[in-house]
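# the amino acid sequence is not available; the structure is as follows:
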């Protein structure tokens, strides 16, 4: 659907309520500068780098330009229309009822408000880049409904507000920790900050200020047990971002208090990361979305406070997750259901249920991998903040890994259908049905949190491409784009980047405008790369091109200066740690940042789980189209076991003698050609 149809369909649904909404025609502005970054660390004393402005980067050609067109023209508008359609999603209708503009009951999960805020944020992120006035008008039309649903004291949560109107006194705020009030408010805060930074308008920010003030007062007066009941803490990031936007010191005070009270509950859980205080935690544990949101929020608090006890735990948890619990795609949360601790305690009362969670170290199943898209996005949010703190390339490597693999896999190439889970293998012979299996669909009725999270993340992906510091410019992601950024003392840095990345590692960067003085350019050399080369104005640069590092080139850059970086794209067979039982004697295939898989659509007549890749296989890259999207496939020759005559639990080994042509496609592109089997990990012969 184009944006005109998107806007008109909303106006048809909305016209009946405009008469009832009190809308202030004059937009007010905060008397503070609008620092327009996605995550604003421009004044954070313990962050090394900061983001570029929301409108600084535009994709011009290649991978992300093609994907961005889908995000802008299909993914975001169609999902927003879904949220406006009360017959599919009741999210906006809930706001109408809570605002007194309609009658009825709340319908949908308790985190529906947060879902709506996320897809709203995608509109703000798109508007920042496109300046599409239809988006601006659309946001102006929905904000008054949200504002009118808010209680006078700042409390805003449509399930409770609706019940208050239906049966005054029947429900109380924060009565049920599974009601997701603070989660929803956190996404309101984040969306409001992005909207304010993109438009300069404070209409939604005023709503978020009232909500944040309410939270501050609530945590001041609430009982300790009630104050600690929050789950899925998006509000940690939200409260810090509100502090960065308003500079109100009580918001920073609140953010610190939110961490301090964790783990002091009598009935805390590993699933919610509050069985023990945060500063005593050393491993990634429990519900993977709650965990990664928590870690991202704690990183935000460290950026403002410099509390090294927080950074110490973050570093230990990061090491544990990346070295023992993260999938090769950057996916997080191996288990649908499990227990914690698992197999290490003789005391039954210590054993707790966990769900959608990290498992034991090295417990990484494939067919039953949960890998909720929201958890993978949480992994990105956390690593992006760790990069802003430190400027270390290892964090940006994971941002890139998740973007190209476990986040992009969450949405179809058409932009219309979404995944909740992201397994690394799918088999038609699997003996039971997983509750979230079945591929991508337009709307996940029981839990549609992932589609709007995917939508806002991918609509804002250009914000991760570059960063700034007092030293100069950081180039984090590669691809065809134009940068127009403001550096120190309002000096401009403009450049044009040309590349067919991630399919080709040749990158050209030409300066269009420079500050007129020495500054450094930091280029990321990914951890997967080998034999990278760098030229400046045609001359080889002798800098140390260490992998998983940023190479610094400092000079007085001039208009027309050219940087040429070459990251050779070699296809590599990857093996896992031998403690990962599920993938022993198997390999995965990576080319650059992209993880590949084999899909039954490309191997008709052969069981993909019987295919064996020779360790010395030579793959030939080949451009193909899937669902109208260009991708780079890998083609080679493997072998296959003969189909066994009996489906028995054990049988004598037989050699894989039958030669078969194999085609691998990027993992993110699987499942776009109808029902299929798929696997990332494949048998190998040496």
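Sure, I can see it. Predicted, not measured: the structure shown is a model, and the values here were computed from it. Numbering: from 1, shown residues only.
# distance across stretch 635-649, terminal residue to terminal residue?
32 Å (Cα to Cα, to the nearest Å).
# can you check stretch 408-421 too?
One end of stretch 408-421 sits 12 Å from the other (Cα to Cα).
# buried residues, that stretch. List them.
Buried residues in stretch 408-421, counted by 16 or more other Cβ atoms under 10 Å: 408-413, 415-421. All C-beta atoms are positioned from the backbone trio N, CA, C, and that covers glycine.
# name the nearest of those residues relative to residue 628.
When these are compared for distance to residue 628 (Cβ to Cβ), residue 413 wins out at 7.1 Å.
# helices of the stretch 1-150 of the chain, residue ranges please.
For the stretch 1-150 of the chain, the helices defined by DSSP state H, counting those that start in this stretch cover 3-18, 63-70, 76-84, 91-98, 112-130, 133-148.
# just the buried residues of stretch 376-394, please?
376-391, 393-394.
# thinking again about what came up before, redo the helices of the stretch 1-150 of the chain as TSV? Include mean pLDDT.
Shown next, in TSV, are the helices of the stretch 1-150 of the chain (pLDDT from 0 to 100):
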stretch	mean pLDDT
helix 3-18	42
helix 63-70	98
helix 76-84	94
helix 91-98	95
helix 112-130	97
helix 133-148	97
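# turn the ones you listed into a markdown table, columns for mean neighbour count and distance to residue 560.
Below are the helices of the stretch 1-150 of the chain laid out as a markdown table (neighbours: other Cβ atoms under 10 Å; distance: least, Cβ to Cβ, whole Å):
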| stretch | mean neighbour count | distance to residue 560 |
| --- | --- | --- |
| helix 3-18 | 14 | 37 |
| helix 63-70 | 19 | 24 |
| helix 76-84 | 23 | 37 |
| helix 91-98 | 25 | 50 |
| helix 112-130 | 26 | 26 |
| helix 133-148 | 19 | 35 |
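# of all those, which lies closest to residue 685?
Of all the helices of the stretch 1-150 of the chain, it is helix 63-70 that lies closest to residue 685, at 33.1 Å by Cβ to Cβ.
# angle of the closest one against helix 76-84?
Going by axes from the mean of the first three to the mean of the last three Cα atoms, to 10 degrees, helix 63-70 is angled at 40 degrees with respect to helix 76-84.
# which elements pack onto helix 63-70?
Applying 3 or more Cβ pairs under 8 Å, 6 or more residues apart in numbering; DSSP states H and E, one finds that helix 63-70 makes contact with strand 480-486, strand 629-640.
# how distant is it from the center of its chain?
With Cα atoms, centre = their mean, to the nearest Å as the basis, helix 63-70 stands 17 Å off its chain's centre.
# ok, now which ones touch the closest residue to residue 513 other than its chain neighbours?
What sits nearest to residue 513 in space, not counting adjacent residues and going by Cβ to Cβ, 6 or more residues apart in numbering, is residue 494, at 3.9 Å. Contact partners of residue 494, counting by Cβ atoms under 8 Å, 6 or more residues apart in numbering, are 482-485, 511-514.
# out of those residues, which are buried?
Burial by neighbour count, 16+ other Cβ under 10 Å: within the contacts of residue 494 this picks out 483-485, 511, 514.
# adding distance to residue 295 and pLDDT, write those out as TSV.
Output for these, formatted as TSV (distance: Cβ to Cβ, whole Å; pLDDT from 0 to 100):
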residue	distance to residue 295	pLDDT
483	29	98
484	32	98
485	28	97
511	37	98
514	37	97
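# closest one of those to residue 192?
Checking the buried ones among the contacts of residue 494 one by one against residue 192 (Cβ to Cβ), the nearest turns out to be residue 485, at 24.0 Å.
# for the closest one, give me its contacts.
Residue 485 makes contact with 52-53, 56, 466, 468, 473, 492-494, according to Cβ under 8 Å, 6+ apart.
# buried subset of the residues you listed, written for ChimeraX?
Applying 16+ other Cβ under 10 Å to the contacts of residue 485, the buried members can be selected in ChimeraX as follows:
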select :52,53,56,466,468,473,493
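# can I get the contacts of residue 485 in a markdown table with pLDDT and distance to residue 156?
Below are the contacts of residue 485 laid out as a markdown table (pLDDT from 0 to 100; distance: Cβ to Cβ, whole Å):
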| residue | pLDDT | distance to residue 156 |
| --- | --- | --- |
| 52 | 97 | 31 |
| 53 | 97 | 29 |
| 56 | 97 | 32 |
| 466 | 98 | 35 |
| 468 | 98 | 34 |
| 473 | 98 | 40 |
| 492 | 96 | 40 |
| 493 | 97 | 40 |
| 494 | 98 | 41 |
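# so which of the contacts of residue 485 are in strands?
Among the contacts of residue 485, the residues falling in strands (DSSP state E) are 466, 468, 473, 492-494.
# let's have those in CSV, adding distance to residue 241.
Output for those, formatted as CSV (distance: Cβ to Cβ, whole Å):
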residue, distance to residue 241
466, 20
468, 18
473, 24
492, 26
493, 25
494, 28
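# out of the residues you listed, flag the one nearest to residue 249.
Once Cβ to Cβ is applied, the member of the ones in strands among the contacts of residue 485 that ends up nearest residue 249 is residue 468, at 25.7 Å.
# surely that closest one is in contact with residue 475?
No: contact criterion Cβ atoms under 8 Å: residue 468 and residue 475 do not qualify, at 10.9 Å.
# who does the closest residue to residue 619 other than its chain neighbours bridge with?
The shortest distance from residue 619 to any non-neighbouring residue, by Cβ to Cβ, 6+ apart, is to residue 634 (4.0 Å). Judged by DSSP bridges, the bridge partners of residue 634 are residue 621, residue 664.
# so where is the stretch 201-350 of the chain shaky, pLDDT-wise?
Applying pLDDT under 70 to the stretch 201-350 of the chain picks out residues 224-229.
# can you pull out the strands in it?
When secondary structure is read from DSSP state E, counting those that start in this stretch, the stretch 201-350 of the chain shows strands at 335-340.
# quick one, helices of it?
Under DSSP H, counting those that start in this stretch, the stretch 201-350 of the chain gives helices at 203-221, 224-227, 234-246, 249-260, 288-305, 308-324.
# redo the ones you listed as a markdown table? Include distance to residue 630.
Converted to a markdown table, the helices of the stretch 201-350 of the chain look like this (distance: least, Cβ to Cβ, whole Å):
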| stretch | distance to residue 630 |
| --- | --- |
| helix 203-221 | 37 |
| helix 224-227 | 52 |
| helix 234-246 | 35 |
| helix 249-260 | 44 |
| helix 288-305 | 31 |
| helix 308-324 | 31 |
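# go through the ones you listed and name the closest to residue 436.
Closest to residue 436 of the helices of the stretch 201-350 of the chain, according to Cβ to Cβ: helix 288-305, at 13.4 Å.
# hey, where'd the strands end up in the stretch 451-600 of the chain?
Shown for the stretch 451-600 of the chain, the strands assigned by DSSP E, counting those that start in this stretch span residues 466-468, 472-475, 480-486, 492-499, 506-513, 519-525, 533-536, 539-540, 549-555, 562-566, 571-574, 586-591, 594-599.
# Serialize those strands to TSV and add fields for distance to residue 61.
Shown next, in TSV, are the strands of the stretch 451-600 of the chain (distance: least, Cβ to Cβ, whole Å):
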stretch	distance to residue 61
strand 466-468	17
strand 472-475	17
strand 480-486	4
strand 492-499	7
strand 506-513	12
strand 519-525	20
strand 533-536	21
strand 539-540	26
strand 549-555	24
strand 562-566	17
strand 571-574	24
strand 586-591	20
strand 594-599	18
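# quick check: which of those strands is buried the most?
Counting by mean count of other Cβ atoms under 10 Å, strand 594-599 has the highest mean neighbour count of the strands of the stretch 451-600 of the chain, with a mean of 26.
# next structured bit after that one?
Later in the chain than strand 594-599, the nearest helix or strand by DSSP states H and E is strand 611-614.
# tell me which other helices or strands that following strand touches.
strand 629-640, strand 658-666, strand 682-685.
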